[in-house]
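**Q** fold the following, please.
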Amino acid sequence: MESLNLNIHVDANDKKEVEQFCSSVGMNVSTAVNMFIKAVLKEQRLPFEIRSNTFDGTVYEKLKEAELEMSNSSQRYSKEEVLKSMNDIIG
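**A** Predicted structure coming up:
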């Protein structure tokens, strides 16, 4: 398998901290980045959750509760009902 270089720009402090972390778990940054890439390719998604800081934790939790309730119900909801419910939660 051909190997290529990947150049990325990161904050200097972040680079130092990730190098220290990787060292503490017995790997280098290159190995960690390769693990990340392999996980993305295998799962076809980012291997972590991305959330906006726009909502406070309460709103996020209420939306997660609503999502769980809807997924556990046999009732089907229209797009309009879902959007209204979300707007009610967000305020």
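**Q** contacts and neighbour counts: CA atoms only from here.
**A** Noted.
**Q** for residue 7, grab the count of nearby residues.
**A** The local packing count at residue 7 equals 6, with neighbours defined by other CA atoms under 10 Å.
**Q** if you could redo that for residue 12, that was the one I meant.
**A** The burial count assigned to residue 12 is 8, neighbours taken as other CA under 10 Å.
**Q** ok, residue 46 next?
**A** Burial of residue 46, expressed as a neighbour count using other CA under 10 Å, amounts to 13.
**Q** show me where pLDDT drops low in the chain?
**A** With pLDDT under 70 as the threshold, the chain has low-confidence stretches at 51-56, 91.
**Q** C-terminal to the helix or strand hosting residue 40, what's the next element?
**A** Per DSSP states H and E, residue 40 falls inside helix 29-43. Tracing the chain C-terminally past helix 29-43 and defining elements by DSSP H and E, one meets helix 57-71 next.
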